[in-house]
Structure formats: structure tokens, C-alpha cells
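Asker: Sequence and predicted structure are below.
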Amino acid sequence: MGNRLSKIYTRTGDDGSTGLGDGSRVGKDSLRVNAYGTVDELNSAIGMVLAADGVGDEVREALTQVQHDLFDLGGELCIPGMAMVENSDIDRLENILDRLNEPLPPLKEFILPGGGMAAACGHLARTVCRRAEREVIALSRVEDIRSQPQRYLNRLSDLLFVISRVLARASGHGEVLWQHERRRKPKAAE
């Protein structure tokens, strides 16, 4: 890391702009800043999962590696032309996903976010991940972005769903199933 932050505020962003990793300046509301900012938010949401009680070693190890990956992914988005996320990172997510999903019972109903604090935080992280993926897609429509960041986020959202299922079951709370038949059937219009 070339420059260490010795002073946290610089006042250079007071005009609504921010510096990218290549030294160029863009609006703080640009698609690129939105994309890497949401990746940062996702990393914080995963930190909330890790801070919750009842996160087993396998999940903790996987999510800690994901946090490092997300820092790399944010760097790739912050520095136009940078390549940091690799296909092997996506393969690793798929392997973890398969391993954690294999012992779970098949889904027959939709699951509501909940199932204990760790699982609920996992579901929140999953929804932030989906937003980050949408923002990377929006950015890729106007700038050249490699496919790996989008693919990584897509796979990660699936992994976060499975991790939330694992955490809900491990907590003893269980998964919260959507009760689609709780409403009476609507009457036909008269």
C-alpha cells in the first residue's frame, strides 16, 4: 500500500467528487462509486454476520475469505482497468456452496429472512449483495467491466442464502417459511 492514511479528512470531496484509484475524479453519485460503495456496504453486512453468535468455523472461515475478496473486488471497481477477482475465486465459492448446501433439506417453500440473529444478518447481506450485483451490471452497460465481478457477486448471493439456511438451522430457531396459504383465496370480481 503506497500511501497510508495519516489524516482522515482531506476536504477534496466537499464539492461532491471523489478520487478513483487511478487518480481521476468522479462524482460521488457516479455508477462506479455506487458499485464499489455497495460492495463496501456488503463487506460491512458480512461483518455483522461474523459478529453474531453461533457462526461455526467453516462458515466463519468462508466469510472471512469473502471479506478479503470483496476488498479486492472493490479495488477492481475503484481502479478502471484493474483485474483482481479471478475465476478461481468464483470456483471456490461454488465449492463452498455445494459443500454447505448438500446436507440441507430440499426447499419446498420460500424462506423469510429470520431464523436467529446470525441468519437474519446473512439474509441482509444477501440482499445487499444482490444490489451490488445490479449496480455492477448498470456500470457494465456504460463502461468496460470484466465479467468476473458480476459473476462473483451472483455466486456470493447464492452462498449467502445457503449460509443463512445453515445458520438458522444451527441456531435452533429454524428457517422461517413463507405461509403462502395464510390469505383467503381472492373472490372473483363482480
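Answerer: Here it is on my side, so go on. Numbering: from 1, shown residues only.
Asker: So the spatially most central residue of the chain versus Gln179, what's the distance?
Answerer: In the chain, the residue lying closest to the centroid (C-alpha atoms, centre = their mean) is Cys129, at 2.9 Å. Counting by C-beta to C-beta, to the nearest Å, the separation of Cys129 from Gln179 is 26 Å. The C-beta positions use only the backbone N, C-alpha and C, and glycine is treated the same way.
Asker: Repeat that for Glu76.
Answerer: 42 Å.
Asker: more neighbours, these two?
Answerer: Neighbours were counted for Glu76 and for Gln179 using other C-beta atoms under 10 Å; Glu76 has more, 23 against 10.
Asker: which strands and helices sit next to the host helix or strand of Leu156?
Answerer: Assessed by DSSP states H and E, Leu156 sits inside helix 147-171. Counting by 3 or more C-beta pairs under 8 Å, 6 or more residues apart in numbering; DSSP states H and E, the packing neighbours recorded for helix 147-171 are helix 31-51, helix 57-78, helix 87-101, strand 111-112, helix 117-140.
Asker: With mean pLDDT added, can I get these in a markdown table?
Answerer: Output for the helices and strands packed on helix 147-171, formatted as a markdown table (pLDDT from 0 to 100):
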| stretch | mean pLDDT |
| --- | --- |
| helix 31-51 | 96 |
| helix 57-78 | 97 |
| helix 87-101 | 98 |
| strand 111-112 | 88 |
| helix 117-140 | 97 |
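Asker: out of these, deepest packed?
Answerer: For the helices and strands packed on helix 147-171, the largest average neighbour count (mean count of other C-beta atoms under 10 Å) is found in helix 117-140, namely a mean of 22.
Asker: so how far is that helix from its chain's centroid?
Answerer: 4 Å (C-alpha atoms, centre = their mean, to the nearest Å).
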